[in-house]
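Asks: Could you work out the structure for the sequence below:
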Amino acid sequence: MTSLGILLATVANSMPQFALLSIPVFVLMFLLSGSFTPFESMPRALQAIMDLSPSTHFVRFAQAVLYRGAGGDVVWRDLLVMAGLGAGFVSVALYRFKAMLARPS
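Replies: Sure, this is the predicted structure:
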């Protein structure tokens, strides 16, 4: 989620614009992550889109550990996906930041 915030910060031109951009993004991600309603009750297209969200995998991970006492052999896939998504978001944010610095003022 931090890497997604950094990516959104490279999109925004100012702090107020970042705040206005991040609120709907994070609220929608939280509401559609499966923490309030079952993930399986969502339409398939929305499930596919939300699989690109780290909050969905965190909710699966947290529910497996807290409710079912799952070990690392069960939750390793969600941890790996969260790490991959974080690395991907940081890579895109770093690329955008370097491009932003290269532009003439």
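
Asks: ok, V74 - how many residues close by?
Replies: If you count neighbours by other C-beta atoms under 10 Å, V74 ends up with 13. To be clear about C-beta, it is placed using only N, CA and C from the backbone, and glycine gets the same treatment.

Asks: likewise L4?
Replies: L4, neighbours per other C-beta under 10 Å, totals 22.

Asks: so where is the chain shaky, pLDDT-wise?
Replies: Counting by pLDDT under 70, the chain shows low-confidence ranges at 105.

Asks: Let me see the ranges of the helices in the chain.
Replies: Secondary structure of the chain (DSSP state H): helices at 2-11, 15-31, 44-50, 54-68, 72-102.

Asks: Would you convert the ones you listed into TSV that also reports distance to P38?
Replies: Listed next are the helices of the chain as TSV, based on distance: least, C-beta to C-beta, whole Å:
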stretch	distance to P38
helix 2-11	24
helix 15-31	13
helix 44-50	11
helix 54-68	11
helix 72-102	16
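
Asks: And the nearest residue to L32 once chain neighbours are set aside, how far from V65?
Replies: Of all residues beyond its chain neighbours, the one nearest L32 is M50 (5.3 Å), with distances taken as C-beta to C-beta, 6 or more residues apart in numbering. As judged by C-beta to C-beta, to the nearest Å, M50 and V65 stand 20 Å apart.

Asks: ditto for P24
Replies: For P24, the distance to V65 - C-beta to C-beta - is 29 Å.

Asks: Between those two, which is the more surrounded one?
Replies: With neighbours defined as other C-beta under 10 Å, P24 and V65 compare such that V65 has more, 15 against 9.
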